[in-house]
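S.K.: Please find the sequence and the predicted model below.
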Amino acid sequence: MTQAERTATFEDWLDGRRLSHLSTNAGTDRIAFQSWRNFKEAFAPELIGQAVEETSLSLGRPVRNCIDPFAGSGTTSLACQFLGIDPLTIEVNPYLADLAEAKLATYDIGCLINDFAAAVDRASLTCVDAPLPNLPATFVEPGVRGRYIFSKAVAKRLAALLDSIEVVSSQSNQRLMRVLLGSIALDVSNVVVSGKGRRYRRNWQQRQPNPEAVDQLFVASVTNAIYEIRRYENRKAKGYTLLRGDARSLTPTKGQYDLAVFSPPYPNSFDYTDVYNVELWVCGHLKSFDDNRALRNATLRSHVQVKREYDVPEYDLPSLTQVLADLNRVRLDLWSRDIPEMVQSYFADMATILKRLHSSLVPGGRVYMVVGDSRYAGVTVPVATVLCEIAGAIGLSCIAQEPFRSMRASPQQGGRLELLETLVTLENV
């Protein structure tokens, strides 16, 4: 039996690595599929293996399926495939949804190689006069007031490859190549992006990326992806369900699900849409500022950057009541007066997610979620504590709260003191 014919196991995928702590994502980019787009994971893939093992013991049988309401880069669902478990995952960000599906999909390797070679050949013969015309003016040289994300020469190469990829008839092959082109776009740009937003590189005017790097990075990225797809194509399970849109309305309310493993956005006022804004525009997921606004409105209410309606959870939650009283007391010191309402709405959204999970999990089914505290004007928002109160009101038993790691508070949240991240384990009773 050849390497390609044997079943690729979870242990094969992790390639024998040993972690001292499940919270670390250090070295994750060295695991197959995880380098396709740098993504700050809240937990290591090994946590999914632990969750499956513990839930199997709780159920008295192997776990059959798993829900992830916040797919991100698709790690939970990909791990489930290696573990022989049927995954259902949800993602509101269309670029991340494509990234997750590119990892989960099954490919005809011969067809993929041919489509890739043809796309590169077409792009090498393509000259684009007005590159990426639908992008905001700040994206392509000359930009606005002399500032731009891509030089015109780089934008021409991105556009040539995008045009060539659009011709590919296989939707899975087209999706994979578009995702990987999006993933290298920041590398050939004049900006860097973090949870704090987008900023220009130091001395960017004098350090313009070489347009030839666009093609070189794209070819290297797709070549690596094809190798990994081929090596791990025989996973224990190959099926998946990916729902695109708002987890508050798409998380199942019916079914016989055994497990949910996820990390939701934290109520830290980071607009996660901004982190992937360049890829969203370059890959054509956003075509207008209305599209951008609609996407932001479909995300969890974890930030105040977009004006939205606010509401409160329907349950009596002593910890949240105390936090809101404390936040209201320091409202004049908050960098945004809407923060108390954002915090209460965040927990209303999370209550919706947990209520839907409670309806779809089997008795003894479990939820594993990694959550993070926030702090505003010295007031700590104990996210795990409030979520356990919500879970109890819904009918989920909080069987564990384990400190996962500490993260540095952002300047907006009050500086250098560390905030707690927690692994919360719930069981459907």
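M.R.: Done, it's in.
S.K.: Pretty sure residue 424 sits in a helix.
M.R.: No - the assignment for residue 424 (DSSP: H, G, I helix; E, B strand; the rest coil) gives strand, which keeps it out of a helix.
S.K.: the strands in this structure, which residues?
M.R.: For the chain, the strands defined by DSSP state E occupy 65-68, 86-91, 191-194, 197-200, 241-244, 257-262, 361-372, 374-376, 379-381, 396-408, 418-428.
S.K.: and the ones you listed as TSV, adding distance to residue 151 and mean pLDDT?
M.R.: Every C-beta, even on glycine, is put in place using the N, C-alpha and C of the backbone. Shown next, in TSV, are those (distance: least, Cβ to Cβ, whole Å; pLDDT from 0 to 100):
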stretch	distance to residue 151	mean pLDDT
strand 65-68	38	99
strand 86-91	31	99
strand 191-194	12	89
strand 197-200	13	88
strand 241-244	33	98
strand 257-262	39	98
strand 361-372	37	97
strand 374-376	38	94
strand 379-381	42	96
strand 396-408	34	82
strand 418-428	39	93
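S.K.: of all those strands, which lies closest to residue 74?
M.R.: Residue 74 lies closest, by Cβ to Cβ, to one member of the strands of the chain: strand 86-91, at 6.8 Å.
S.K.: sorry, back to before: take the strands of the chain and write them to TSV, including distance to residue 228.
M.R.: Below are these laid out as TSV (distance: least, Cβ to Cβ, whole Å):
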stretch	distance to residue 228
strand 65-68	21
strand 86-91	18
strand 191-194	24
strand 197-200	29
strand 241-244	19
strand 257-262	22
strand 361-372	26
strand 374-376	36
strand 379-381	39
strand 396-408	28
strand 418-428	28
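S.K.: Relative to residue 101, which of the ones you listed is closest?
M.R.: Nearest to residue 101 among the strands of the chain is strand 241-244; the distance by Cβ to Cβ comes to 5.2 Å.
S.K.: ok, residues contacting the closest one?
M.R.: 71, 77, 86-92, 94, 97, 100-101, 104, 250 (Cβ atoms under 8 Å, 6 or more residues apart in numbering).
S.K.: how far out from the middle of the chain is that strand?
M.R.: Strand 241-244 sits 13 Å away from the centroid of its parent chain (Cα atoms, centre = their mean, to the nearest Å).
S.K.: Note down every partner strand of it and its orientation.
M.R.: When sheet partners are counted by DSSP bridges, strand 241-244 sits next to strand 86-91 (parallel).
S.K.: sorry, back to before: hmm, which two among the contacts of strand 241-244 are most spread apart?
M.R.: In the contacts of strand 241-244, two members sit farther apart than any others by Cβ to Cβ. They are 86 and 94, at 23.4 Å.
S.K.: so what's the residue sitting nearest the centre point of the chain up against?
M.R.: Centroid-nearest residue in the chain, with Cα atoms, centre = their mean: residue 72, separated by 1.9 Å. By Cβ under 8 Å, 6+ apart, the residues touching residue 72 are 39, 41, 91, 96, 100, 263.
S.K.: for those residues, which one is nearest residue 192?
M.R.: Of these, the one sitting nearest to residue 192 (Cβ to Cβ) turns out to be residue 39, at 15.3 Å.
S.K.: pretty sure residue 338 contacts residue 304?
M.R.: Yes - in terms of Cβ atoms under 8 Å, residue 338 counts as a neighbour of residue 304; the distance is 4.6 Å.
S.K.: and these two? which has more neighbours close in?
M.R.: Between residue 338 and residue 304, residue 304 has the larger neighbour count (other Cβ atoms under 10 Å), namely 20 against 17.
S.K.: So the more buried one sits against residue 334, correct?
M.R.: No - contact criterion Cβ under 8 Å: residue 304 and residue 334 do not qualify, at 9.5 Å.
S.K.: At which residues are the helices of the stretch 201-350 of the chain located?
M.R.: Using DSSP state H, counting those that start in this stretch, the helices found in the stretch 201-350 of the chain span residues 212-231, 247-250, 272-275, 277-282, 289-297, 318-329, 339-360.
S.K.: And the stretch 51-200 of the chain, by the same measure?
M.R.: 75-83, 94-104, 109-124, 152-166, 171-185.
S.K.: Between these, which one is closest to residue 277.
M.R.: Minimum separation from residue 277 across these (Cβ to Cβ) falls at helix 94-104, 9.3 Å.
S.K.: Contacts made by that closest one with the rest, please.
M.R.: With contacts defined as Cβ under 8 Å, 6+ apart, helix 94-104 is touched by 33, 36-37, 71-74, 77-78, 81, 87, 89, 91, 172, 175-176, 178-180, 182-183, 225, 240, 242, 244, 276, 279-280, 283, 285, 295.
S.K.: can you give me the angle that helix makes with strand 86-91?
M.R.: 160 degrees (axes from the mean of the first three to the mean of the last three Cα atoms, to 10 degrees).
S.K.: and helix 94-104, how far out from the chain's middle?
M.R.: Relative to where its chain is centred, helix 94-104 has its mean C-alpha point 9 Å off (Cα atoms, centre = their mean).
S.K.: Ok, stretch 56-65 next?
M.R.: In terms of Cα atoms, centre = their mean, the centre of stretch 56-65 is set 27 Å apart from its chain centre.
S.K.: Please apply the same query to stretch 148-166.
M.R.: Centroid displacement of stretch 148-166 relative to its chain, using Cα atoms, centre = their mean, is 25 Å.
S.K.: and what of stretch 284-291?
M.R.: Offset of stretch 284-291 from its chain centre (Cα atoms, centre = their mean): 19 Å.
S.K.: May I see the buried residues of it?
M.R.: For stretch 284-291, the buried set under the neighbour-count rule, 16 or more other Cβ atoms under 10 Å, comprises 284, 285, 286.
S.K.: Mind putting these into a markdown table with distance to residue 193 and pLDDT?
M.R.: As requested, those are exported to a markdown table (distance: Cβ to Cβ, whole Å; pLDDT from 0 to 100):
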| residue | distance to residue 193 | pLDDT |
| --- | --- | --- |
| 284 | 19 | 96 |
| 285 | 16 | 97 |
| 286 | 15 | 96 |
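S.K.: among the helices and strands of this protein, which one scores worst on average pLDDT?
M.R.: When the helices and strands of the chain are scored by mean pLDDT, DSSP states H and E, strand 396-408 comes last with a mean of 82.
S.K.: got a list of what the residue lying closest to residue 275 once chain neighbours are set aside touches?
M.R.: Residue nearest to residue 275 in three dimensions, not counting chain neighbours: residue 193, with 5.8 Å by Cβ to Cβ, 6 or more residues apart in numbering. Contacts for residue 193 were tallied using Cβ under 8 Å, 6+ apart; they are 186, 274, 275, 277, 278.
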